[in-house]
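Colleague: What follows is a predicted protein model with its sequence.
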Amino acid sequence: MPHVHGPDRNTSFIFGRSDSRIRPLLNQAQRDRLHCWSMIVALASSAAGTTLLLTAILR
């Protein structure tokens, strides 16, 4: 029995469509700013986790 594909290969499972014609949700400046903030959050949480781990080992 052959596999029946969905309605279209361009459809996305999140928004229903992922065409390049649709305006992107974030422009490049917003993506860069979001990336910077996410890196700051990741570094801060990593430092906090390392500090907690070191204090647990040293006690």
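Modeller: In hand now; what should we look at?

Colleague: For Arg31, give its distance to Trp37.
Modeller: 11 Å (CB to CB, to the nearest Å). Using the backbone N, CA and C atoms, a C-beta is placed for each residue, glycine as well.

Colleague: Tell me where this protein is predicted with low confidence.
Modeller: 1-24 (pLDDT under 70).

Colleague: now the helices for it?
Modeller: 28-58 (DSSP state H).

Colleague: Could you check how many residues crowd around Asn27?
Modeller: By other CB atoms under 10 Å, 9 other residues sit near Asn27.

Colleague: Kindly report the same for Ala56.
Modeller: Residues contacting Ala56 under the criterion other CB under 10 Å number 8.

Colleague: Also Thr50?
Modeller: 10.

Colleague: As CSV, could you dump the C-alpha coordinates of stretch 48-56?
Modeller: The C-alpha trace of stretch 48-56 is given here as CSV (Å, rounded to 0.1, in the frame of the first residue of the first chain):
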residue,chain,number,x,y,z
ALA,A,48,25.4,29.8,39.0
GLY,A,49,25.3,26.0,38.4
THR,A,50,29.1,25.8,38.7
THR,A,51,29.1,27.8,41.9
LEU,A,52,26.5,25.6,43.4
LEU,A,53,28.3,22.5,42.4
LEU,A,54,31.6,23.8,43.8
THR,A,55,30.0,24.8,47.1
ALA,A,56,28.4,21.4,47.4
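
Colleague: And Ser38, how close does it get to Ala48?
Modeller: Here Ser38 is placed at a distance of 16 Å from Ala48 (CB to CB).

Colleague: Which residues are in contact with each of Arg31 and Trp37?
Modeller: Counting by CB atoms under 8 Å, 6 or more residues apart in numbering, Arg31 and Trp37 have no contacts in common.

Colleague: Distance check, Leu34 against Asn27.
Modeller: Look at Leu34 and Asn27: by CB to CB, they are 11 Å apart.
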